[in-house]
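> predicted model and sequence below, questions to follow.
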Amino acid sequence: MATESLTAERILEATEEVLRRYGPAKATVLDVARVLGVSHGSVYRHFRTKAALREAVTARWLSRTEVALARITDGARRAGAEPGAEPQTGQGADPEAGPAAGAGAERVPEPGPEKLRDWLLTLFDTKRHKAGDDPELFATFSVLIGESSGVVDAHLTELTRQLTRIVEEGVRAGEFVADDPATTAGAVFAATARFHDPSYAPEWRKPTIDDEFSAVCDLVLRGLRP
């Protein structure tokens, strides 16, 4: 690859490939440079240190979840769709992919309880999809997340910001009761940690996990009712 055509995004793509192949303990900047066909100095012109590169690739990985959830936070239900219908996830569908066919159809405001359930389900399915489809990379990023506290804090802040917005919308519509939407959003996030915290990933393969998720969601929504 010509150095002139080297971009930060291409470096991050190559870094993800190297991490999948060698793991975080053995992957080096030199390995990334080899994949790209450039000198390691060319990589360092975009990312000044190995730590900066690892933080950037971790942020990129986490941001995919943020984008998938923002579609729900910012969007609405398709006209004609059943209220509370689950998003098209699982069964090979990628919850991080773009909107499904028909997403360009007329959309109507989604009631707060359905939007909150959809958001929590998409978060769970996104994490479960990553853990099940690419376990090596999931394990790698679980290690990198432990090294990148600032990146993780920013990610958690963004997720709770989105949750807060959903709670605020529900309060304004008279669908939720919450004296402090931000505190309530934090409590909802903590109450559902078993379905998005990577440390619980081994449990996500249990045959009863979907029923357990639904039970927790129902409990959370009952607690928010006026």
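Structure received.

> report how many residues lie close to Phe138.
A total of 19 residues lie near Phe138 under the criterion other C-beta atoms under 10 Å. C-beta coordinates here come from the backbone N, C-alpha and C atoms, glycine included.

> one more: Glu16?
Counted with other C-beta under 10 Å, residues neighbouring Glu16 total 20.

> do Ala70 as well
A count of nearby residues for Ala70, using other C-beta under 10 Å, gives 17.

> how close does the closest residue to Gly186 other than its chain neighbours get to Thr140?
Leaving aside its sequence neighbours, Gly186 sits nearest to Thr160 (C-beta to C-beta, 6 or more residues apart in numbering; 5.7 Å). As defined by C-beta to C-beta, to the nearest Å, Thr160 lies at a distance of 25 Å from Thr140.

> quick check: Phe141 touching Ala59?
No. Taking contacts as C-beta atoms under 8 Å, Phe141 lies outside contact range of Ala59: 10.8 Å.

> neighbour count: the two, which is higher?
Shown here are Phe141 and Ala59; by other C-beta under 10 Å, Phe141 has more neighbours (23 against 18).

> need the next SSE after the helix or strand hosting the more buried one, C-terminal direction.
Using DSSP states H and E, Phe141 sits in helix 135-147. Where DSSP H and E defines the elements, the next helix or strand beyond helix 135-147 is helix 149-172.

> that next one vs helix 135-147, what angle?
With axes from the mean of the first three to the mean of the last three C-alpha atoms, to 10 degrees defining the directions, helix 149-172 sits at 90 degrees from helix 135-147.

> residues of the helix or strand where Lys115 lies that come out buried?
Assigning secondary structure by DSSP H and E places Lys115 in helix 112-133. Within helix 112-133, the residues that qualify as buried are 112-131, counting by 16 or more other C-beta atoms under 10 Å.

> over to stretch 183-192?
Buried, per 16+ other C-beta under 10 Å, within stretch 183-192: Thr184, Ala185, Gly186, Ala187, Val188, Phe189, Thr192.
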